[in-house]
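In: below: sequence and its predicted model.
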Amino acid sequence: MSKTTRRDFIRTTSAATAGAALTNLNILRPERVLGANDTVRVALVGASDRAMSSLIPALMANSKDLNFELVAVCDIWKKRRDEAPAQIAEKYGVKQPAGVRNTDELYDRKDVDAVIIGTADFQHAYHAIEAVKAGKDVYAEKPFANIMSDANQALDVIGSSKQVFQVGTQRRSTESYKRAYEYLNSGKFGDIVMAEMFWNVNQPGRWRRPNVVPQLRKEDTDWKRYLINRDPSIPFDARKYLEFRLFWPFSSGIPDQWMVHQIDTVHWFTGIPHPRSVVVNGGIYLWNDGRANWDTMTAVFDYHNAKTNKSFQVLYSSRMTNSAGDVKEIYYSNAGTLNLDTNKVTSEGGLRENHARAMKMKQNLLEPFTLSDEGGIETSADTGVDKQTLAHVRNWMECIRSRNQKTNADIHAAYNHSVALCMTIAAMQSGKRVTFDDKKRQVVVS
């Protein structure tokens, strides 16, 4: 990346730190005590594509069973604020939620117990902190935080609260992944020696909104609120508002959107909170459409298990220019392979007798079997939403009801994938090997 980009990165991070320090939401409001039959009243913060196509359908699919009601839609863009409540009422046959201009007005209301945060990538942690300080339970879309000041403040505030929190890394609520977790932790697989992860598409229009961008006028939104704790001198830009995934400091693109899902499984499966080091290479190789974020990247993560004193690498590769290879996560041990695309355990790559004998070792091969019948992301015919999101949102809702169990993707899961994300972004923007200082809770660029 250019020197200008690196200066922008440093300036943005500094501005974010200052913004976090100046927040005026310092009082934790008491949570509402719910009776067994009380309705849990939910508000949507950010009527984004993801929220309207997946999160709200998942909420509504579980709402009758668990007695939840969507009472408000909060969005700073007038178009979404006006249209989304009517669309929800018509689609689900429910009372039309109120349209609310901003979160200050939302948290002044007395009829909100929980919020679903579907705002832009860089806003998730900020809005989660704000909601928890207002005494609300929170479901926050991923990525959680792409700067460490947000991640650290969120861990402190949310981690010390009584609010129910879930981050949207929905693999943690998916049966095939849960079975993989159990299998890997049974010891039968052996030590992980390598993992390879891919996320490949061939979509020039991915994250583009060419038909919607012309509809956004500055006077119909609140650009200052959109920027939250980022550099306040950034001028209004409809593309950076609606196509934010293509522009730093609003998103890092591939790492924010896709990598966090897959790298999160490494932390979950192994119990290792974050990489020991990260190096990254890539760039904009084909889609020169004004974007700032890469269309191709390859990262190498080094992980070390302090308990076992053993290490392994994760090779992560993603491109938006050719879809061969699709989306895959493959784990390797000395005895074979766990493929989370096919959900099969095989002896592929394991230590065979002819090579073992020469070193006076025994053959080491896994017994092949199918971990689960589920493959890939399935869509429920009843709701039109993928089963992973359906299960993940339900887990959050059930935890709100019970208040005595931890969500599948709690604040620590959110923090850990945020650390890996921030390390990756720093490696991309510096071109250097990046580590993490646990005591200072800061990314270190070598």
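Out: On my side now, so go ahead.

In: show me the shaky parts of this structure.
Out: For the chain, the stretches with pLDDT under 70 are 1-37, 372-384.

In: so the spatially most central residue of it: helix, strand or coil?
Out: Geometric centre of the chain, nearest residue: K142, 2.3 Å, by Cα atoms, centre = their mean. Secondary structure state of K142, per DSSP: H, G, I helix; E, B strand; the rest coil, is coil.

In: next, the contact list for it, please.
Out: Applying Cβ atoms under 8 Å, 6 or more residues apart in numbering to K142 gives the contacts 124, 167-169, 260-261, 414, 417. For the C-beta atoms, the positions are set from N, CA and C on the backbone; glycine is no exception.

In: so where do the strands sit in the stretch 251-400 of the chain?
Out: 277-283, 296-305, 310-319, 327-333, 336-339, 344-346, 369-370 (DSSP state E, counting those that start in this stretch).

In: can you put those in JSON lines and add mean neighbour count?
Out: Output for these, formatted as JSON lines (neighbours: other Cβ atoms under 10 Å):
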{"stretch": "strand 277-283", "mean neighbour count": "19"}
{"stretch": "strand 296-305", "mean neighbour count": "19"}
{"stretch": "strand 310-319", "mean neighbour count": "19"}
{"stretch": "strand 327-333", "mean neighbour count": "21"}
{"stretch": "strand 336-339", "mean neighbour count": "22"}
{"stretch": "strand 344-346", "mean neighbour count": "19"}
{"stretch": "strand 369-370", "mean neighbour count": "12"}
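
In: ok, which of these comes nearest S446?
Out: strand 277-283 (8.3 Å; Cβ to Cβ).

In: tell me what angle that closest one forms with strand 310-319.
Out: 20 degrees (axes from the mean of the first three to the mean of the last three Cα atoms, to 10 degrees).

In: got the CA coordinates for strand 277-283 in CSV?
Out: Taking C-alpha atoms only, strand 277-283 is exported to CSV below (Å, rounded to 0.1, in the frame of the first residue of the first chain):
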residue,chain,number,x,y,z
SER,A,277,2.0,-13.6,13.7
VAL,A,278,0.5,-12.6,10.4
VAL,A,279,1.9,-11.8,7.0
VAL,A,280,-0.2,-10.7,4.0
ASN,A,281,0.2,-10.1,0.3
GLY,A,282,-2.3,-9.0,-2.4
GLY,A,283,-3.8,-6.0,-4.2
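
In: what does that strand contact?
Out: Contacts for strand 277-283 (Cβ under 8 Å, 6+ apart): 294-302, 420, 423-424, 426-428, 432-435.

In: mind checking how far H417 is from A238?
Out: 30 Å (Cβ to Cβ, to the nearest Å).

In: neighbour count: those two, which is higher?
Out: H417 (30 against 16; other Cβ atoms under 10 Å).

In: Three-state assignment for that one, please.
Out: helix.

In: so what's it up against?
Out: Contacts for H417 (Cβ under 8 Å, 6+ apart) come out as 142-144, 167, 169, 260, 263-264, 267.

In: 6 Å - rerun?
Out: 260, 264 (Cβ atoms under 6 Å, 6 or more residues apart in numbering).

In: hang on, the earlier thing: out of the strands of the stretch 251-400 of the chain, flag the one nearest N404.
Out: Nearest of the strands of the stretch 251-400 of the chain to N404, taken as Cβ to Cβ: strand 296-305 at 30.9 Å.

In: gap between the closest one and the chain center?
Out: On the basis of Cα atoms, centre = their mean, to the nearest Å, strand 296-305 sits 18 Å off its chain's mean C-alpha point.

In: now it - C-alpha only, CSV.
Out: The C-alpha coordinates for strand 296-305 follow below in CSV (Å, rounded to 0.1, in the frame of the first residue of the first chain):
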residue,chain,number,x,y,z
THR,A,296,-7.1,-10.6,-4.1
MET,A,297,-5.2,-11.5,-0.9
THR,A,298,-3.2,-14.3,0.6
ALA,A,299,-2.3,-14.4,4.3
VAL,A,300,-0.3,-16.8,6.4
PHE,A,301,-1.1,-17.0,10.1
ASP,A,302,1.2,-18.6,12.6
TYR,A,303,-0.5,-20.2,15.7
HIS,A,304,1.1,-21.5,18.8
ASN,A,305,-0.5,-23.5,21.6
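
In: parallel or antiparallel, list what pairs with that strand.
Out: According to DSSP bridges, strand 296-305 forms sheet pairs with strand 277-283 (antiparallel), strand 310-319 (antiparallel).

In: quick one: closest of the ones you listed to L44.
Out: So among those, strand 310-319 is nearest, using Cβ to Cβ, at 29.1 Å.

In: between strand 327-333 and that closest one, find me the angle.
Out: Using the same axes, to 10 degrees: strand 310-319 against strand 327-333 is 160 degrees.

In: outside of strand 310-319, which residues touch it?
Out: With contacts defined as Cβ under 6 Å, 6+ apart, strand 310-319 is touched by 191-200, 254, 258-259, 266, 296-304.
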